[in-house]
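K.L.:
curious how this folds, go ahead:
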Amino acid sequence: MSPRQVLISGAAVLALLTLLPLFAGANVIDKLTGLFILMLLAAMWGLMAGQAGLVSVGQQAFFGLGGYFALRLVDGGMAAYPALLAGAVGAAIVAWGMSFFLLRLKDGEFAIATWVAAEVIRILVMLDPLVQGETGTSLIALNDVEPELRRNLGYGFALVSLAVMLVAVWWLMRSPVGTASRALGDDDEAAASLGVRVMSTRRVVYVLAAFGCALAGVAWLASAITFLPRTNFGVQWSVLMLFMVLVGGLRSMAGPIIGALLLFTLQESLGDFGVWYLAAVGALAAAFALFLPQGLVGLWQERRHRLHTK
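P.N.:
Numbers count the residues shown, from 1 in each chain. Below is the predicted model of the structure:
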């Protein structure tokens, strides 16, 4: 499909999903809101790892920070929904500052450092009296909004956030920055020798991905209302991101989206089985890592190439 066709198709899907709350029930809207959040997280991790070669296990820091900043802003007098967006921006600013230190590290060192940074941030947030440590708190201002309206606003926030970030990633990957980031993902030393600006290119990708994860975090807060440090800053978010991208495929925009759909299907069909659901997710991830490292999209592209070469 041409870029024009992609944009037209995307706009049509967005319009359809925007009108869905007029016809769908509350349960469908809640489920789709969760799916949009998973898709957003997967797309952001795919941008970092698949395009720029930045394997992070600390993106939960920005998922949680967005919600925390929103809580702080509401406590300071800002309206709830503007505070959600401002909280995500605040998390991106923190990511920009962190990038000057973290992006100097490579491979395993970078991955470990991101996880350590996320844990430090979680502990610092728990020290805030507003959060009440492990007890957590709630975005009480949202309780003043009528439940159906709150549900639809949360759905709309998640949908628009996903759409905007997918367009941003799509545009970035077609820009000189996207070309440079892919070169870094393939071989950073070779790219640097050809004149690619390593730090500035990776900083753009890192901050954009952090902003997307923060949007997912505030969309989650708008839906759940409660803020629990162990949940909002939980490493499970990065684990889910890794699973979705690994299964869907690293080096494409479609891969993370397909991985998110698969994870959502597993959650809906096996979620009630508790530990067996987790075992199934783990076994599936291991199988893909061992036998299908290119993911589902990679498999489809490989088979399509074989058909065309026959």
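
K.L.:
where does the stretch 201-310 of the chain have low pLDDT?
P.N.:
Residue ranges of the stretch 201-310 of the chain with pLDDT under 70: 275, 305, 307-310.

K.L.:
next up, identify which helix or strand the spatially most central residue of the chain is on.
P.N.:
Nearest to the geometric centre of the chain sits Leu41, at 1.6 Å (CA atoms, centre = their mean). Taking DSSP states H and E as the definition, one finds Leu41 inside helix 26-45.

K.L.:
quick check: mean pLDDT of that helix?
P.N.:
The predicted model assigns helix 26-45 a mean pLDDT of 94.

K.L.:
list the buried ones in it?
P.N.:
29, 32-45 (16 or more other CB atoms under 10 Å). Bear in mind the C-beta positions are built from the backbone N, C-alpha and C, glycine included.

K.L.:
what's the distance between the residue nearest to the centre of the chain and Leu124?
P.N.:
Per CB to CB, to the nearest Å, Leu41 is found 23 Å from Leu124.

K.L.:
repeat for Leu208
P.N.:
Taking CB to CB, one finds Leu208 at 24 Å from Leu124.

K.L.:
neighbour count winner among the two?
P.N.:
Leu208 (20 against 11; other CB atoms under 10 Å).

K.L.:
for that one, give me phi and psi.
P.N.:
For Leu208, the backbone dihedrals (degrees, to the nearest 10) come out as phi -60, psi -40.

K.L.:
relative to Pro176, how far out is it?
P.N.:
Going from Leu208 to Pro176 by CB to CB gives 15 Å.

K.L.:
helices and strands around the strand or helix carrying Leu261, which ones?
P.N.:
Assessed by DSSP H and E, Leu261 sits inside helix 254-270. Contacts defined by 3 or more CB pairs under 8 Å, 6 or more residues apart in numbering; DSSP states H and E place helix 254-270 against helix 26-45, helix 236-248, helix 275-291, helix 295-309.

K.L.:
with just CA atoms, put that helix into PDB.
P.N.:
Output of helix 254-270 as PDB, limited to C-alpha atoms (Å, rounded to 0.1, in the frame of the first residue of the first chain):
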ATOM      1  CA  ALA A 254       2.600  -4.300  12.100                       C
ATOM      2  CA  GLY A 255       4.500  -6.800  14.300                       C
ATOM      3  CA  PRO A 256       3.900  -5.200  17.700                       C
ATOM      4  CA  ILE A 257       0.200  -4.600  16.800                       C
ATOM      5  CA  ILE A 258      -0.300  -8.200  15.900                       C
ATOM      6  CA  GLY A 259       1.600  -9.300  19.100                       C
ATOM      7  CA  ALA A 260      -0.700  -7.100  21.100                       C
ATOM      8  CA  LEU A 261      -3.800  -8.700  19.500                       C
ATOM      9  CA  LEU A 262      -2.400 -12.200  20.300                       C
ATOM     10  CA  LEU A 263      -1.700 -11.300  23.900                       C
ATOM     11  CA  PHE A 264      -5.100  -9.800  24.300                       C
ATOM     12  CA  THR A 265      -6.600 -13.000  22.900                       C
ATOM     13  CA  LEU A 266      -4.600 -15.100  25.300                       C
ATOM     14  CA  GLN A 267      -5.700 -12.800  28.200                       C
ATOM     15  CA  GLU A 268      -9.300 -13.100  27.300                       C
ATOM     16  CA  SER A 269      -9.300 -16.900  26.700                       C
ATOM     17  CA  LEU A 270      -6.800 -18.100  29.400                       C
END
